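> Got a sequence here, can you model it:
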Amino acid sequence: MKSIHLNKRPVGIPQLSDFKFVNEEKPQIAAGEMLIKATYLSVDPYLRGRMNEGKSYIEPFELNKAMSSGMVAEVVESKLEGFSKGDYVSGMLKWTEYQVSNGEGLMKVDGSKAPLSAYLGILGMTGLTAYLGLTEIGKPKAGETVVVSGAAGAVGSVVGQIAKLLGCRVVGIAGTDEKVSQLKAEYGFDEAINYKTTESMSQAIADACPEGVDVYFDNVGGEVSDGVMVNVNRFARIVVCGAISLYNATSMPMGPRVQPILIKNSVLMQGFIIFNFMEKFGEAIPQLAQWLKEGKLTSTETVVEGFENIPQAFLDLFEGKNKGKMIVKIY
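As a prediction, this is how the structure comes out:
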């Protein structure tokens, strides 16, 4: 079987040479274990941080060892009570075609209730990140204006839809005219901005948000966020979910000092990771599933096929080649 290892730590933008394909012997299981086969795999921008050395909220990947991310896998052999051949499970798993598990950290998923890939997207960490980041930190109220950067991405597209369901006016920021059209036509955003063709982000935000910004869900950072910051209202809430514009920087760029804005407007600005809200998963997943079943949420996926294409799919995230969630279909 094949496995994908971290070959070397990237400097700046990752390259295909930072990954290494390794042939390994297909593992055997013992009592209390099951053999699972990779079916769908999630690639996400945060994995870039794990390719670096240094302290973070999650351990860095080790050199010459398999990388890992969210995955849906099929049980192909089981000696583990509660799991049978043909079951599907989801969790953080290694980038290998087959692996052995004792079931720890995995949950069963049901392909008859939703597409299996949805458990990596709107019914998985993507949906949970959008829902809980927005509701627990952003706390949007009906009639408020919510701005979302990276709005056509996996998390951003769901954030905007949820904000609309909660009665907000929603403005999205994306990087192509096609994505701007998609935000309004498919996801119901009220306005959308192409940051790549906008001369002044601060003016574009002011024009799109005549009553100011009450909630900013930030997936991007950098100059896009600088333009939003000067338009925030008193008691605005800024949800810092990601900073993809900075992930490949080799030095920390200098930007505007935000403290005067935060002080003057009594603004809350809070970063988070989804595991901060684990105790809320039990209520969030049924709500997302209900909205999805009722057709109130649209889930968009960019699906790349083939285990061998996992590294390229990951790299494509940093060029904005995905619409919605980037998924690799393996089997």
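> Just give the number of residues close to the residue nearest to residue 316 when sequence neighbours are not counted.
Spatial nearest neighbour of residue 316, chain neighbours left out: residue 322 (6.4 Å); criterion: Cβ to Cβ, 6 or more residues apart in numbering. (C-beta placed from N, C-alpha, C; glycine too.) Per other Cβ atoms under 10 Å, the neighbour tally for residue 322 reads 20.
> Quick check: residue 322 vs residue 96, distance?
23 Å (Cβ to Cβ, to the nearest Å).
> if we can go back for a sec, check the gap between the residue nearest to residue 316 and residue 154 for me.
7 Å.
> do residue 142 as well
26 Å.
> Give me the more crowded residue out of those two.
For residue 142 versus residue 154, the count of surrounding residues by other Cβ under 10 Å is larger for residue 154: 32 against 8.
> Am I right that that one is in contact with residue 325?
Yes: with contact defined as Cβ atoms under 8 Å, residue 154 reaches residue 325; the gap is 3.9 Å.
> Check what contacts stretch 220-238 and list those residues.
137-139, 147, 149-150, 173, 195, 200-202, 204-206, 209, 211-216, 218, 240, 242-246, 253, 255-256, 258, 261, 265-270 (Cβ atoms under 8 Å, 6 or more residues apart in numbering).
> Would you mark the buried spots in that stretch?
Residues 220-222, 224-225, 227-229, 231-233, 236-238 are the ones in stretch 220-238 that count as buried (16 or more other Cβ atoms under 10 Å).
> ok so, going back, and for residue 154 and residue 325, which residues touch both?
121, 126.
> Give me the subset of the buried residues of stretch 220-238 lying in strands.
232, 233, 236, 237, 238 (DSSP state E).
> Now render these as CSV, adding distance to residue 118.
Converted to CSV, those look like this (distance: Cβ to Cβ, whole Å):
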residue, distance to residue 118
232, 34
233, 35
236, 32
237, 28
238, 29
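> between those, which is closest to residue 190?
If you rank those by distance to residue 190 using Cβ to Cβ, residue 233 comes first, at 16.6 Å.
> In this structure, where is pLDDT below threshold?
Where the chain drops to pLDDT under 70, the residues are 249-250.
> in it, which spans are helices?
Assigned by DSSP state H, the helices in the chain fall at 47-50, 125-132, 154-165, 177-185, 201-208, 222-229, 259-265, 281-293, 310-316.
> for the last one, which positions count as buried?
For helix 310-316, the buried set under the neighbour-count rule, 16+ other Cβ under 10 Å, comprises 310, 311, 313, 314, 315, 316.
> From residue 39, how far off is the residue nearest to residue 165 when sequence neighbours are not counted?
Once flanking residues are discounted, residue 165 sits nearest to residue 296: 6.1 Å by Cβ to Cβ, 6+ apart. Here residue 296 is placed at a distance of 27 Å from residue 39 (Cβ to Cβ).
> Quickly list the domain ranges of this protein.
Recorded structural domains for the chain (assignment: automatic domain parsing) are 2-121+300-329, 125-275.
> Would you point to the one among these that's packed deepest?
domain 125-275 (a mean of 20; mean count of other Cβ atoms under 10 Å).
> any idea how far it is from the chain center?
Relative to the mean C-alpha coordinate of its chain, domain 125-275 is positioned 14 Å out (Cα atoms, centre = their mean, to the nearest Å).
> For that domain, measure first residue to last.
Distance across domain 125-275, first residue to last, is 9 Å (Cα to Cα, to the nearest Å).
> among the domains of the chain, which is nearest residue 283?
domain 125-275 (9.5 Å).
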